[in-house]
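> 3D, please:
(one chain, ligands or ions: 1)
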Amino acid sequence: MSLDYPDALTELIRQLARLPGVGQRSAERLALALLDWEEDRLRTLAEHIGALRQRIHPCVVCGNLADGDRCRVCADPRRDQGLLCVVEHSRQIPAIEKGGKFQGLYHVLGGRLAPLEQVEAEDLNLASLYARLTGDTVREVILATSPDIEGEATASYLAEELRGRFAGLVTRIALGVPVGSDLSYADSTTLGHAISSR
Ligand SMILES: [Zn+2]
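Alright, predicted model coming up:
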C-alpha cells in the first residue's frame, strides 16, 4: 500500500482493490480517476452502489437477478415456458443469453453440491425447482451445471431426483465447454453451442 496518499484516498484504494480482478495498481488508477470526476457524477455512482441491495433481488420465480419481482427472462412472454435451463449461479445467465440461442427459462440453484464445503441438497433452491415441474408446462430440463467434479455430481444428483418427479426430458448441456471451466466466464458462443447441441 502506497503511503503517499491522504488517508481517505488510501482507504478508497483499499476498498477498490477488494473487487475481483482489481489489483493494487488498478485500484490506485481507479481512485485517482474518480478524483477527477465531477461531484454529481460521483454522487450518482455512490447512490447506485449504496442502493444495490435494495434494488436488486433474486427473481421470485427462478432466482435470477431482478429489479422487480420477476427477472427480465421470466417477465418475457415470448420465452419458451417448456424449456428450463438449470444453472448454479445467476452470473451464468448473461453468458448464455449473449449466445442468443436459448429461448427458454432458467432456474438458479444458488450453488452446487459440495460436501467438503458443507453444501448439501437442502442448501440449493430445489424445492422451488420441483414446484415448477409439477403440471405439464415444462417438457425439458437442461442441466447446465459446470463441467467439473462438483458440477457433474450435482447434475447426476438432479437427474436421479427428477426421474421420480418429472415426466419430461432431462438433458445435460453438451460438454463443448472445457472441463473444469467456470461457466460464468465461458464465452457465449461456446455456451450457445453447448446448449443447442445437447
Ligand atoms: Zn426469473
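> which bits of this structure sit near the ion?
59, 61-62, 64, 71, 74 (C-beta under 5 Å from the ion). For glycine as for every other residue, the C-beta is placed from the backbone atoms N, C-alpha and C.
> can I get those in TSV including neighbour count and pLDDT?
As requested, those are exported to TSV (neighbours: other C-beta atoms under 10 Å; pLDDT from 0 to 100):
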residue	neighbour count	pLDDT
Cys59	22	96
Val61	18	96
Cys62	25	97
Asn64	24	97
Cys71	24	97
Cys74	20	97
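> let me have these in TSV, adding distance to Ala27 and secondary structure as columns.
Conversion of these to TSV gives the following (distance: C-beta to C-beta, whole Å; DSSP: H, G, I helix; E, B strand; the rest coil):
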residue	distance to Ala27	secondary structure
Cys59	32	coil
Val61	37	coil
Cys62	34	coil
Asn64	30	coil
Cys71	31	coil
Cys74	36	coil
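> the longest helix along the chain: which residues count as buried?
For the chain, the helix with the greatest residue count under DSSP state H is helix 149-165. Neighbour counts over helix 149-165 (16 or more other C-beta atoms under 10 Å) mark 150-152, 154-155, 157-158, 162 as buried.
> check stretch 30-49 too.
30-31.
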